[in-house]
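Asks: just need the structure, nothing else, for what follows:
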Amino acid sequence: SSDLELAERATAVLSTTLDVHASFLTLQGQQWVGQVFSESVGADTRVVVRRGLPASWPNLQRPFEAEEAVFIDQWEPETQASAPTGLYYAAALYPDRRSGHPHGLLAIGSPRRGAWTDRERSVFRAVGRSLSLAFERVDQNEQLAETARALEAFMADRKSTRLNSSHRCISYAVFCLKKK
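Replies: Here you go, the predicted structure:
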């Protein structure tokens with residue numbers, strides 16, 4: 001599975017299980033750009049998030065500073081995000097790092113007022129951690145495949161070298177026999 005397919009599954013699970021709007025963003029330069037959205041995310045919000053949100057926003061940096069999920073129980077759209085996110089009264093963000101650097105952000109927004117429940121927090125953390133582990137597994141599988149290809153190329157080269165060496169020995173033996 002690709003990263004985006006895994007993120008689609010995670011956003012669908014969160015949207016269905018918690019009745020929230022879910023998305024997955026990747027860091028591109030100095031912008032967090034929306035890549036995957038649950039069906040519940042409105043078209044206006046998708047457009048804004050696909051254009052990119054500034055990586056400098058403190059709430060988008062917090063999960064990477066904390067190295068864990070961050071829950072914002074009272075989202076203030078005027079000070080914390082662009083206008084379309086005014087649809088949300090609470091937000092939660094889960095960091096995805098690659099090679100030690102910020103790479104992705106799993107985000108949920110709640111259209112309901114009130115703090116995140118213990119259940120919602122647990123489910124979000126579990127889905128975020130599962131997504132991170134799945135990403136790690138994909139990366140490991142890609143590295144293993146790359147190593148296997150390099151080993152196959154090395155072995156093919158060694159086999160070719162041995163065949164060339166054997167061919168030279170046989171040719172020399174035939175030459176010597178012809179001389180006699």
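Asks: and L93, backbone torsions?
Replies: When read as degrees, to the nearest 10, the backbone of L93 gives phi -130, psi 140.
Asks: name the nearest residue to it, sequence neighbours excluded.
Replies: P63 (4.5 Å; Cβ to Cβ, 6 or more residues apart in numbering). Heads up, the C-betas are built off the backbone N, CA and C, glycines and all.
Asks: pLDDT wise, what is the one you found at?
Replies: With respect to pLDDT, P63 has a value of 96.
Asks: the residue nearest to L53 when sequence neighbours are not counted and V48, how far apart?
Replies: Once flanking residues are discounted, L53 sits nearest to W32: 4.6 Å by Cβ to Cβ, 6+ apart. To V48, W32 is 11 Å away according to Cβ to Cβ, to the nearest Å.
Asks: so which of the two has more stuff around it?
Replies: W32 (23 against 17; other Cβ atoms under 10 Å).
Asks: so the more buried one sits right up against F24, yeah?
Replies: No: taking contacts as Cβ atoms under 8 Å, W32 lies outside contact range of F24: 10.1 Å.
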